[in-house]
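> Model the structure of this input:
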Amino acid sequence: MTSHRQAGVKARPGFPARLGPIQTAVPPPPAVSRLASHRPAPAPTGLGMDSSAVRLSMVNKLAQQGISDKRVLAALGQVERHRFVDSALVNQAYEDTSLPIGLGQTISKPGVVSRMLELLLQGQTSRLGRVLEIGTGCGYQAALLSHVCSEVYSIERLRGLHDKARDNLRPFRLANVHLLFGDGMLGYAKGAPYAGIIAAAGGEALPTCWLDQLAVGGRLVAPVAAGAQSPGRQALVVVDKTPQGLRQTVMEAVHFVPLKSGIA
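As a prediction, the model looks like this:
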């Protein structure tokens, strides 16, 4: 079920305060790769599929399943998911299924990605401000976020995936996407506060630093372990940071790769 916003809660910031110094002691900040502004390169040929037609079909199916935010649907229609999967899996790119991207990681189902983006944007009438993505993976969700957020900081702990995402995103030349290689469990204090935080991996609990780096009025969407009563299961959790404190809402069951610390 979906939570309703409490009366009197301020709208989430459209764009949090500009970057400031790190507030707490953390390891040296990860390197940031910036993607300069330019139009996307032409779609690759020889795929044996009309990518625009199958992408539209995917969007229509997601709309029928309940995704109603027009900004999310528009982003899904614009970002070519087949650019982010291996060539051997390209014919499955627009199916509502997760696919392996290497190093034991996956690109999430379009249905799950769209659901999380819709929750992140819920209640926002304009473009969301600065957002932190935990787990860049192959870069697909970062590309989607670039269409609905003013600025995206995306952090990945696996060097191989960080490099893959950089290569995947380079043709799009997204000026508002910054890729970081580092420990996502630490967040990225230099970019805080964030209007939104979204995580593509689930742990036993939400790291405190994520909540600290979330702006007042901001929202966090992440999978979290369901608890001892449901071992091995995860649930989608939404946390709103209000002037009165944190408000958490547990949503539906999901399945994500485990949240891990460190870099590799």
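
> Roughly how far does D86 sit from P223?
When C-beta to C-beta, to the nearest Å is the yardstick, D86 and P223 sit 24 Å from each other. For the C-beta atoms, the positions are set from N, CA and C on the backbone; glycine is no exception.

> who's more crowded, those two?
When D86 is set against P223 and neighbours are counted by other C-beta atoms under 10 Å, the residue ahead is P223, at 26 against 14.

> residues contacting that one?
199, 201-202, 234-237, 254-256 (C-beta atoms under 8 Å, 6 or more residues apart in numbering).

> Of the residues you listed, which is the nearest to R127?
A199 (20.8 Å; C-beta to C-beta).

> how many neighbours does that closest one have?
Counted by other C-beta under 10 Å, the residues lying close to A199 total 24.

> what are the bridge partners for it, then?
In this structure, A199 bridges to I134 when assessed by DSSP bridges.

> Listing request: residues of this protein with sub-threshold pLDDT.
Within the chain, the ranges that satisfy pLDDT under 70 run 1-50, 228-230.

> what ranges do the helices span in the stretch 101-250 of the chain?
With DSSP state H, counting those that start in this stretch applied, the stretch 101-250 of the chain shows helices at 110-121, 140-148, 159-169, 208-213, listed in chain order.

> okay, those helices in a markdown table with distance to V90 and mean neighbour count next?
Formatted as a markdown table, the helices of the stretch 101-250 of the chain follow (distance: least, C-beta to C-beta, whole Å; neighbours: other C-beta atoms under 10 Å):
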| stretch | distance to V90 | mean neighbour count |
| --- | --- | --- |
| helix 110-121 | 15 | 23 |
| helix 140-148 | 13 | 25 |
| helix 159-169 | 13 | 19 |
| helix 208-213 | 34 | 17 |
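
> ok, back up a step: and which of the contacts of P223 is nearest G129?
The closest of the contacts of P223, once distances to G129 are taken by C-beta to C-beta, is A199, at 17.7 Å.

> list the contacts for the closest one?
With contact set as C-beta under 8 Å, 6+ apart, A199 has these partners: 133-135, 184, 210, 220-223, 259.
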